[in-house]
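Chemist: based on what follows, work out the 3D shape:
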Amino acid sequence: MPPTTGLVLTGIGVHDASGRPVVENADVTIAAGEVVALMGESGSGKTSTVLAALDALGPGLHRSSGTVRWNGVPIGRGRAARVWRRSHVGMLAQDPAGALHPLRSVAGLVGEGLLGSRRADRAKSVARALAEVGLAPEALWSRRPHELSGGQAQRVALARALVGEPPLLVLDEPTGGLDPATLELVRVALRRRRGDPRMSTLVISHDTDFVTGLADRVVHVGEVPAVRPRPGARVRSGGVPVLTARRLTLAQPPGGRPLLTEADLAVHAGECVVVLGPSGAGKSTLLTALAGLHRPAQGELRLKDQELPCGLAERTRSHLRAVQFVGQDPATALNPAHTVATALTRPLRILGGLDRSTARARVPELLDAVGLAPRLAARRPGELSGGQRQRVALARALAAEPDVLLADEATSALDAATAGTVLDLLDHLRATRGLAVLLVTHDRSVARRADRVLEFDPAMRTLGESALPIP
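Modeler: Predicted structure coming up:
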């Protein structure tokens, strides 16, 4: 049930003048005290969705459907929407400098929304808002927009949105043109709003680093909707875990000094569990043991409510399909003589039971899912980059439609955008298929997306649950 306080957008549709849909059936909810990030590719309709809700679309676009509620009260269009915006909404537009009236001073621009307050109080609020974004009020007070740098104009527009602590704050790409120090000031300002029941905040951004650890939820526009919970909001199904390890002791090499002693581990359907720890602690050994590639010194494995043999050779076809592994070095996992198409069709045929032609027809879909062009199907591993090989190895594992994915540094060879695409795919499969993911990583930005984090303690040779959030 949607919250009774905050902003609720339901079924928002936007069309252009020719009738072409720009946004279709978008739903966004921002509860009181929440910071929500709206993310998606350029052209996916993020800004149009929000402007439609605010009844502030530009020429050539119109809201064709949907409802807007603020604190449970329907918000109309036209004059009613304008009155609500003026009294409740602080807005940073995507082109902030263009939104600053060229003949008004900085003080006048920032204080524009406070005209009902006493002059002395308004001056204090304006000075506080400018300082909050790293600007010196006394130096810029009387300046006009043409006397500001691009970064200063961006920060003046941001101060204008923040001043007066508006009940609803909407920031469209707030990080553009800002240096790291100013970005940190913006983070601090937004964190102050989090948890305050009088305020809701929506951030439209491409900047994953900026919203990670800041937003309570991330809503994706232009693809299958995904809500990424803030660490600590566990998304774990009840019942029997998909994969369980009990009293697991691991040594590397086998028979050597134990890396892990009598550890217990359980991963549920739809859950993402990240394993952290220093190099050499035994993270990769843990995954290979679960995959049947490294026999533990002791312990037992279970797949749902059945025993899972510790050795790969002892596992049935059903076991092999259900538990898939992507190793740290996909170059060695891909047969150099096989094309990408062959690598992807083998699990479809051997584990999925598809005939050759049906399996071949699935190849473009599998490549597209991990952000690779279908033309790469004819290439061999030696003709691919490291990041492309990593994604082929992931696509091959996902081709089996496993219940559990074991991934060792699955994003290490990928740029930030591609890594985000891969992680979004895994989030989607978790939500739609109940895929369980156990992921080894050194990247704490990846760990922040997990439902739970386990950390190796090499000194104690234990595996324990980490306190969240991950710094």
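Chemist: okay, and for the stretch 351-471 of the chain, where does confidence drop off?
Modeler: Along the stretch 351-471 of the chain, segments meeting pLDDT under 70 span 385-386, 412-416, 442, 444, 459-460, 467-471.
Chemist: can you give me the strands in the stretch 251-400 of the chain?
Modeler: Assigned strands in the stretch 251-400 of the chain, in chain order: 258-267, 272-276, 298-303, 306-308, 323-326 (criterion: DSSP state E, counting those that start in this stretch).
Chemist: with Ser18 as the reference, name the closest of those.
Modeler: strand 272-276 (41.8 Å; C-beta to C-beta). Heads up, the C-betas are built off the backbone N, CA and C, glycines and all.
Chemist: now do that closest one: everything it contacts.
Modeler: 267, 283, 286-287, 426-427, 430, 436-442, 444, 446-447, 449-456, 463, 466, 470 (C-beta atoms under 8 Å, 6 or more residues apart in numbering).
Chemist: before we move on, the earlier item: between the strands of the stretch 251-400 of the chain, which one is nearest to Val73?
Modeler: Taking C-beta to C-beta, strand 272-276 is the member of the strands of the stretch 251-400 of the chain nearest to Val73, at 37.3 Å.
Chemist: just the C-alpha atoms of the helix ranked longest in the chain, please, in PDB.
Modeler: What stands out as the longest helix in the chain, according to DSSP state H, is helix 416-433. Taking C-alpha atoms only, helix 416-433 is exported to PDB below (Å, rounded to 0.1, in the frame of the first residue of the first chain):
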ATOM      1  CA  ALA A 416      31.400   1.600 -14.200                       C
ATOM      2  CA  ALA A 417      28.600   1.900 -16.700                       C
ATOM      3  CA  THR A 418      28.900  -1.700 -17.900                       C
ATOM      4  CA  ALA A 419      29.300  -3.000 -14.400                       C
ATOM      5  CA  GLY A 420      26.100  -1.200 -13.500                       C
ATOM      6  CA  THR A 421      24.300  -2.900 -16.400                       C
ATOM      7  CA  VAL A 422      25.500  -6.300 -15.300                       C
ATOM      8  CA  LEU A 423      24.500  -5.700 -11.700                       C
ATOM      9  CA  ASP A 424      21.100  -4.300 -12.800                       C
ATOM     10  CA  LEU A 425      20.600  -7.500 -14.800                       C
ATOM     11  CA  LEU A 426      21.300  -9.600 -11.700                       C
ATOM     12  CA  ASP A 427      18.900  -7.500  -9.700                       C
ATOM     13  CA  HIS A 428      16.200  -8.100 -12.300                       C
ATOM     14  CA  LEU A 429      16.800 -11.800 -12.300                       C
ATOM     15  CA  ARG A 430      16.700 -11.800  -8.600                       C
ATOM     16  CA  ALA A 431      13.300 -10.000  -8.600                       C
ATOM     17  CA  THR A 432      11.700 -12.000 -11.500                       C
ATOM     18  CA  ARG A 433      13.200 -15.400 -11.200                       C
END
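Chemist: name the residues of it that come out as buried.
Modeler: 418-430 (16 or more other C-beta atoms under 10 Å).
Chemist: how about stretch 254-264?
Modeler: Buried residues in stretch 254-264 (16+ other C-beta under 10 Å): Leu259, Leu260, Thr261, Ala263.
Chemist: just the CA atoms of that stretch, as PDB, please.
Modeler: The C-alpha trace of stretch 254-264 is given here as PDB (Å, rounded to 0.1, in the frame of the first residue of the first chain):
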ATOM      1  CA  PRO A 254      44.000 -29.400   0.100                       C
ATOM      2  CA  GLY A 255      45.400 -30.800   3.300                       C
ATOM      3  CA  GLY A 256      47.200 -27.600   4.100                       C
ATOM      4  CA  ARG A 257      46.500 -24.900   6.700                       C
ATOM      5  CA  PRO A 258      42.800 -24.200   7.000                       C
ATOM      6  CA  LEU A 259      41.600 -20.900   5.500                       C
ATOM      7  CA  LEU A 260      38.100 -21.300   7.000                       C
ATOM      8  CA  THR A 261      37.000 -23.400   9.900                       C
ATOM      9  CA  GLU A 262      33.500 -24.800  10.500                       C
ATOM     10  CA  ALA A 263      31.600 -22.000   8.700                       C
ATOM     11  CA  ASP A 264      27.900 -22.000   8.100                       C
END
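Chemist: how far away from the center of its chain is it?
Modeler: Chain-centre distance of stretch 254-264: 34 Å, with C-alpha atoms, centre = their mean, to the nearest Å.
Chemist: for stretch 36-47, same thing?
Modeler: 12 Å.
Chemist: for it, list the C-alpha coordinates in CSV.
Modeler: This file holds the C-alpha atoms of stretch 36-47, laid out as CSV (Å, rounded to 0.1, in the frame of the first residue of the first chain):
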residue,chain,number,x,y,z
VAL,A,36,14.9,8.4,-3.8
ALA,A,37,17.1,8.4,-6.9
LEU,A,38,15.6,8.1,-10.4
MET,A,39,18.1,6.6,-12.8
GLY,A,40,18.1,5.5,-16.4
GLU,A,41,19.7,6.0,-19.8
SER,A,42,19.5,9.3,-21.6
GLY,A,43,16.2,9.6,-23.2
SER,A,44,14.5,7.1,-20.9
GLY,A,45,12.0,9.7,-19.6
LYS,A,46,13.3,10.5,-16.1
THR,A,47,12.9,14.2,-16.3
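Chemist: residues in contact with that stretch?
Modeler: Applying C-beta under 8 Å, 6+ apart, the contact partners of stretch 36-47 are 14, 22-23, 26, 28-30, 49-50, 94, 172, 200-206, 208, 211, 214-223.
Chemist: narrow the residues you listed to those in helices?
Modeler: In this view, the contacts of stretch 36-47 that belong to helices under DSSP H are Thr49, Val50, Thr208, Val211.
Chemist: picking up where we left off before, of all the strands of the stretch 251-400 of the chain, which one is nearest His88?
Modeler: strand 272-276 (36.5 Å).
Chemist: tell me what angle that closest one forms with strand 258-267.
Modeler: Put simply, strand 272-276 runs at 160 degrees to strand 258-267, going by axes from the mean of the first three to the mean of the last three C-alpha atoms, to 10 degrees.
Chemist: distance from strand 272-276 to the middle of the chain?
Modeler: 15 Å.
Chemist: follow-up on the earlier one: select only the buried ones of the contacts of strand 272-276 in PyMOL?
Modeler: Command for PyMOL, covering only those of those found buried under the criterion 16+ other C-beta under 10 Å:
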select buried, resi 267+283+286+287+426+427+430+436+437+438+439+440+441+446+447+449+450+451+452+453+454+455+456+463+466+470
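Chemist: wait, doesn't Ser125 sit right on Gly164?
Modeler: Yes - using C-beta atoms under 8 Å, Ser125 makes contact with Gly164 at a distance of 6.0 Å.
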